[in-house]
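**Student:** Next input, structure requested:
(one chain, ligands or ions: 2)
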Amino acid sequence: MNLLVIIPTYNEIENITKLIRTVFDFIPVNSGILVVDDNSPDGTAKAVEAVIPDYPERLFILNRPEKQGLAAAYLAGFSWGWNGSWDVFLEMDADFSHDPKYIPVMLEQIETHEAVIGSRNIKEGGVEGWSFARNAISKGGSLYSRIVLGCPVMDLTGGFNMWRKSALEKIRLSSIISQGYSFQIEMKYKAYRSGCRIKEIPIIFKDRKQGKSKMSKKIFLEALVNIWKIRNTDKPALGQFLKFLVTGGLGTITNLVIFFLLADMLKFNEIPVSIGCFLIAVTQNYFFNHFWSFSRTTANIKPSFKKWASFVLFSLTGLAVNITVMKLIIINFDVLYKFIAQAFGIAAGMVVNFIFSKTIVFKNKSAK
Ligand code: GDD
Ligand code: MN
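**Tutor:** Ligands and ions are numbered 1, 2, ... in the order given. Reported below is the predicted structural model:
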């Protein structure tokens, strides 16, 4: 199997060259290393580029313009390698906390599993050199996430993980919402939920000797909150659909109120008023859907005229479906009241509009 080791770096100049050389000692000849650097001010990328000639076609660097967090770095790494010949991806830190000597053990296990997790929290695993507080945070974080998520993986927060390509497909990387360290938890939870065969192998995690950890209070708190969002992302469609329906209902109310004011009170012609009301209601729906119904997937996109226009288009498509279904029912069935046919029409139009909205207008574009 072809292994690609992905190493995210931010200011790892003291570690990266030595780590690359050590990792190459432990991986088969058909394996490669990809360093994903976020424009480290200390010149990590230059250090990597200097050793590339020693490992032609095996050592690669992906330079990104700015620090965007661990999740973005890994997602960029996976998509960089996606169309290559790699069948297995390994995530590991640049600071020697993850000992490369475990890679052969992981490779052996990946033969019969889809994910292999380097675990500190199982028998024979552990941590060396962490303060009591840092240890408590990590253990507590793992336990908290295990309880909230109902996921049996013992080391949910760890970052030394091997994935078969098929596991990454099941996880659906495009559904990942984490930006920071909760990424590791989310990956494992989704692998578990999608039925991947997961194996934990014991590792001793050693605290870094060189450079600084990028873990901060902010990142930690973000992870605590994210767990709850992660919990819902594997069955979001129903909740989104209900919000979408409520949004549509509110839009209808807005439409009727303005129509009443302009057409009934102020006696404007009802055709242009109706068109205007439609546009106002659709615009309201657009913003409600962006900031509420689909808020989870739109976190990293901004509303735009183009998206609004496509939403209008799909709303009109929904209307066309509504009219067609209503008419077909009236023609083919002996309905007592036409409004019953219209109710089915509205439902069909809503579903069509929802599907277009979810898969096109408000789609999460952060990954493949
Ligand atoms: N490209 C990029 N961009 N790399 C980053 C970024 C970023 O924004 N933030 C961190 N890194 C890199 C670091 O350079 C390092 O190689 C690796 O990601 C891990 O960062 P550390 O700062 O060393 O993390 P840690 O030691 O505090 O955390 C480790 O333990 C956590 C808890 O168990 C990591 O293994 C985490 O993944 C793990 O969740
Ligand atoms: Mn570290």
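**Student:** check which helix or strand covers F314.
**Tutor:** Using DSSP states H and E, F314 sits within helix 305-332.
**Student:** Give me the next element, helix or strand, following that helix.
**Tutor:** Following helix 305-332 toward the C-terminus (DSSP H and E): helix 338-356.
**Student:** measure K199 to ligand 1 for me?
**Tutor:** 18 Å (C-beta to the nearest ligand atom, to the nearest Å). To be clear about C-beta, it is placed using only N, CA and C from the backbone, and glycine gets the same treatment.
**Student:** The residue of the stretch 101-250 of the chain found nearest ligand 1: how many residues sit nearby?
**Tutor:** In the stretch 101-250 of the chain, the residue found nearest to ligand 1 is G159; the distance is 2.4 Å by C-beta to the nearest ligand atom. Close neighbours of G159, defined as other C-beta atoms under 10 Å, add up to 20.
**Student:** residues contacting it?
**Tutor:** L70, E91, M92, D93, H98, Y181, Q184 (C-beta atoms under 8 Å, 6 or more residues apart in numbering).
**Student:** on that earlier part again, what packs against the helix holding F314?
**Tutor:** If you count contacts as 3 or more C-beta pairs under 8 Å, 6 or more residues apart in numbering; DSSP states H and E, helix 305-332 packs onto helix 270-288, helix 338-356.
**Student:** Surely K209 is in contact with S97?
**Tutor:** No: using C-beta atoms under 8 Å as the test, K209 is too far from S97 to be in contact (9.5 Å).
**Student:** Compare these two (neighbour count), which wins?
**Tutor:** Taking other C-beta under 10 Å, K209 and S97 do not tie; S97 has more neighbours (24 against 11).
**Student:** thinking again about what came up before, check the secondary structure at the residue of the stretch 101-250 of the chain closest to ligand 1 for me.
**Tutor:** Here G159 is recorded as coil under DSSP: H, G, I helix; E, B strand; the rest coil.
**Student:** Within range of ligand 2, give me the residues from the stretch 151-300 of the chain.
**Tutor:** R208 (C-beta under 5 Å from the ion).
**Student:** mind redoing it with 6 Å?
**Tutor:** For the stretch 151-300 of the chain, the residues in contact with ligand 2 (C-beta under 6 Å from the ion) are R208, S213.
**Student:** which regions of the stretch 151-300 of the chain lie under the pLDDT threshold?
**Tutor:** Applying pLDDT under 70 to the stretch 151-300 of the chain picks out residues 233-236, 299-300.
**Student:** from it, which residue is nearest to ligand 2?
**Tutor:** R208 (4.7 Å; C-beta to the ion).
**Student:** that older thread, what's the closest of the contacts of G159 to P152?
**Tutor:** Nearest to P152 among the contacts of G159: Q184, at 15.7 Å, using C-beta to C-beta.
**Student:** Do I have it right that that closest one meets F160?
**Tutor:** No: under the criterion of C-beta under 8 Å, Q184 lies out of contact with F160, with a separation of 9.4 Å.
**Student:** Would you mind listing the residues touching both of the two?
**Tutor:** By C-beta under 8 Å, 6+ apart, the residues touching both Q184 and F160 are E91.
**Student:** where do the helices sit along the chain?
**Tutor:** Using DSSP state H, the helices of the chain run over residues 16-26, 44-51, 70-82, 103-110, 132-149, 165-171, 182-193, 217-233, 236-259, 270-288, 305-332, 338-356.
**Student:** which one of the ones you listed is the most hemmed in?
**Tutor:** helix 182-193 (a mean of 24; mean count of other C-beta atoms under 10 Å).
**Student:** How far off centre is it?
**Tutor:** Averaging C-alpha positions (C-alpha atoms, centre = their mean, to the nearest Å) puts helix 182-193 10 Å from its chain's average.
**Student:** just to revisit the earlier point, between the helices of the chain, which one is nearest to I117?
**Tutor:** Closest approach to I117 among these is made by helix 182-193 (6.7 Å; C-beta to C-beta).
**Student:** is the closest one up against ligand 1 anywhere?
**Tutor:** Yes: between helix 182-193 and ligand 1, judged by C-beta under 6 Å from any ligand atom, the touching residues are Q184.
**Student:** Are there helices or strands packed against that helix, and which ones?
**Tutor:** Short answer (3+ C-beta pairs under 8 Å, 6+ apart): helix 182-193 packs on helix 70-82, strand 115-119, helix 132-149, strand 161-164, helix 165-171, strand 198-202, helix 217-233.
**Student:** can you put the ones you listed in a markdown table and add distance to I61?
**Tutor:** Below are the helices and strands packed on helix 182-193 laid out as a markdown table (distance: least, C-beta to C-beta, whole Å):
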| stretch | distance to I61 |
| --- | --- |
| helix 70-82 | 10 |
| strand 115-119 | 24 |
| helix 132-149 | 29 |
| strand 161-164 | 21 |
| helix 165-171 | 21 |
| strand 198-202 | 28 |
| helix 217-233 | 24 |
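**Student:** Among the ones you listed, which comes closest to Y189?
**Tutor:** helix 132-149 (5.0 Å).
**Student:** coming back round to it: which of the contacts of G159 lies closest to F241?
**Tutor:** Nearest to F241 among the contacts of G159, counting by C-beta to C-beta, is Q184 at 30.0 Å.
**Student:** So S85 versus N2, what's the distance?
**Tutor:** Distance of S85 to N2, computed by C-beta to C-beta, to the nearest Å: 5 Å.
**Student:** more neighbours, those two?
**Tutor:** Set S85 next to N2 and count neighbours by other C-beta under 10 Å: N2 wins out with 15 against 9.
**Student:** residue contacts, that one?
**Tutor:** N30, S31, G32, S85, W86, D87, V88.
**Student:** Many thanks, we can stop here.
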